[in-house]
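Trainee: Here is a sequence together with a model predicted from it:
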Amino acid sequence: MKSSLILLLACTVCATLRADWRSDADARIDKIRKGNFAVEVLDAQGAPVRGATVSYHLLRHEFLFGTAIAYAPYTEKDALGTAYRKFILDNLNGLVCENEMKWYSDEVKEGHEDYSQADALVAFAQKHHLMMRGHCLFWEKQKFAMPWQLKLTPAQLRAAVERRLVDTVTRYKGKVISWDVDNEMLDGDFFRSRLGDDIVPWMFKTAHKIDPHALLFVNEYGILGNPEKTERYIAEIRKLQAEGAPVGGIGIQSHDTDRFTDNPNAKIINDGRPDWMLRTPLTPKAFLATLDRLYSATGLPIHITEISAKVHDPERRAKVLDMLFRLSFSHPGVQALVLWGFDAKHHWLGADAALMNADGTLTPAGVDITHLIHDVWTSNGTVSSNDDGRAAFRAFYGTYELTITLPGGGTVKRTVFLGKAVHGPVPVVVN
């Protein structure tokens, strides 16, 4: 009886410890993702309006919640195509082209550039005020080089690289918020082995010169919960910075999100996975330790750039994605979470990684993530303006719709941005 009680108490303590990651993350989210704001209601002469009722409703987060978008499902005219576009517009505020901006998509034959598919996806993002990440200018793994590129002399390849960079960055200047400049440098050297190590700083410097407002990212896999590769990643960033490369952010891929677990004694995953999927379980502690190390060492913003969770059990798929989203959103260094697709028909890892079923309904993972964005991480409320015309409230950083009901009757709607950089009252003039 005594031994059974001890076992029960031990299990209870263990369960409590495992649950703490969630409450701790929620507390951090409330602290770092919200601000104290004041809307100053003024009449046409600039005088404060006392007693106005101000209702606020979050339209879009400042934080980027996004997905990779593919041209084929985007253009489908059937019900699934409608559901695909609707999922994006209803739930997300950011996009990245899954393949359409990659060199092998834009120039299959040397000298024959075709950006039409990427152009269409960028136009969709602009039309609906969605942030667009650029991915990717170059890819260091030789397996992704086009056959015609393999035949070029170093001088010819250098000329092609220069043309590619100038054409692409110029084309999307002001239309993308960031670029993954040279993808997966820790695991490939196609360009550096042919053109020298200084080609990468040149890529960063030239891209920045053309579009100084786009943040320039490095982007790697196998980082999370991997201290050895994390240190190599930091060394890579520091080397680039020492060579004058304006590195603006850190991209971390997470196609192996199935590793997430709150069990510190979870077993190694033995399923013959490829090198871009680690086998070691990933606990909240190990995940946050990786982010802490990268952020403290560099001070650069972090984007979780490519999120996939291939898990046959739909409930467990929801659980691991929930862990990734909550923990990432709770870390001050992370500024973006980007799914690498979401629908069962087109997901590159198949239906077992989907947030949306083939019939357009949501999987448990889709229900969970959309619930977080819409219902948990949202701010809606009503306050009244004081004698100074100010209506104060605490809310998530983002774009808001304000509905202002005036004391003498009449209603005015305004859209305002309440971001982390906003300080002091935001004036709203009403007639």
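Mentor: Looks like it arrived, so ask away.

Trainee: okay but Phe287 is in contact with Asn226, surely?
Mentor: No - counting by CB atoms under 8 Å, Phe287 does not reach Asn226; the two are 10.9 Å apart. All C-beta atoms are positioned from the backbone trio N, CA, C, and that covers glycine.

Trainee: In contact with Thr257, which residues?
Mentor: 307-309, 320-321, 324 (CB atoms under 8 Å, 6 or more residues apart in numbering).

Trainee: can you put those in JSON lines and add pLDDT and secondary structure?
Mentor: Below are those laid out as JSON lines (pLDDT from 0 to 100; DSSP: H, G, I helix; E, B strand; the rest coil):
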{"residue": "Ile307", "pLDDT": "98", "secondary structure": "strand"}
{"residue": "Ser308", "pLDDT": "98", "secondary structure": "coil"}
{"residue": "Ala309", "pLDDT": "98", "secondary structure": "coil"}
{"residue": "Val320", "pLDDT": "98", "secondary structure": "helix"}
{"residue": "Leu321", "pLDDT": "98", "secondary structure": "helix"}
{"residue": "Leu324", "pLDDT": "98", "secondary structure": "helix"}
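
Trainee: Tell me the buried residues within these.
Mentor: Neighbour-count burial (16 or more other CB atoms under 10 Å) applied to the contacts of Thr257 gives 307-309, 320-321, 324.

Trainee: Save those as a markdown table, and put in distance to Ser384 too.
Mentor: Shown next, in a markdown table, are the buried ones among the contacts of Thr257 (distance: CB to CB, whole Å):
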| residue | distance to Ser384 |
| --- | --- |
| Ile307 | 41 |
| Ser308 | 47 |
| Ala309 | 44 |
| Val320 | 43 |
| Leu321 | 40 |
| Leu324 | 39 |
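
Trainee: quick one, helices of the protein?
Mentor: Using DSSP state H, the helices of the chain run over residues 2-32, 71-75, 79-91, 103-106, 116-127, 147-150, 154-171, 190-195, 199-210, 227-242, 284-298, 314-329, 364-371.

Trainee: Pull the number of nearby residues for the closest residue to Leu216 other than its chain neighbours.
Mentor: The spatially closest residue to Leu216, leaving aside those adjacent along the chain, is Gly248, at 4.7 Å (CB to CB, 6 or more residues apart in numbering). Gly248: 18 surrounding residues under other CB atoms under 10 Å.

Trainee: Model confidence score at Gly248, please.
Mentor: Per-residue pLDDT puts Gly248 at 98.

Trainee: Run a quick neighbour tally on Ala297.
Mentor: Based on other CB under 10 Å, the number of other residues close to Ala297 is 16.

Trainee: List the contacts of Ile32.
Mentor: 330, 332.

Trainee: what do you get if the cut-off is 6 Å, keeping everything else the same?
Mentor: Residues in contact with Ile32 (CB atoms under 6 Å, 6 or more residues apart in numbering) are Pro332.

Trainee: ditto for Thr290
Mentor: 224, 230.

Trainee: If we use 7 Å, what do you get?
Mentor: 223-225, 230 (CB atoms under 7 Å, 6 or more residues apart in numbering).

Trainee: got JSON lines for the residues you listed, with neighbour count too?
Mentor: Shown next, in JSON lines, are these (neighbours: other CB atoms under 10 Å):
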{"residue": "Ile223", "neighbour count": "23"}
{"residue": "Leu224", "neighbour count": "26"}
{"residue": "Gly225", "neighbour count": "20"}
{"residue": "Thr230", "neighbour count": "21"}
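
Trainee: Nearest to Lys345 among these?
Mentor: Leu224 (28.1 Å; CB to CB).

Trainee: Could you find the closest non-adjacent residue to that closest one?
Mentor: That would be Thr290: by CB to CB, 6+ apart, it lies 5.2 Å from Leu224.

Trainee: Restrict stretch 115-126 to CA atoms and write it as CSV.
Mentor: These are the backbone C-alpha positions of stretch 115-126, laid out as CSV (Å, rounded to 0.1, in the frame of the first residue of the first chain):
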residue,chain,number,x,y,z
TYR,A,115,8.7,34.4,-62.4
SER,A,116,5.0,34.2,-63.3
GLN,A,117,4.0,31.8,-60.5
ALA,A,118,5.9,33.6,-57.8
ASP,A,119,4.5,36.9,-59.1
ALA,A,120,1.0,35.6,-58.7
LEU,A,121,1.6,34.5,-55.1
VAL,A,122,3.2,37.8,-54.3
ALA,A,123,0.3,39.7,-55.8
PHE,A,124,-2.1,37.6,-53.7
ALA,A,125,-0.1,38.5,-50.5
GLN,A,126,-0.1,42.2,-51.4
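
Trainee: Out of the contacts of Thr257, which is nearest to Pro364?
Mentor: Leu321 (9.5 Å).

Trainee: Kindly tell me how buried Met185 is, as a neighbour count.
Mentor: 21.

Trainee: That should have said Val334, apologies.
Mentor: 22.
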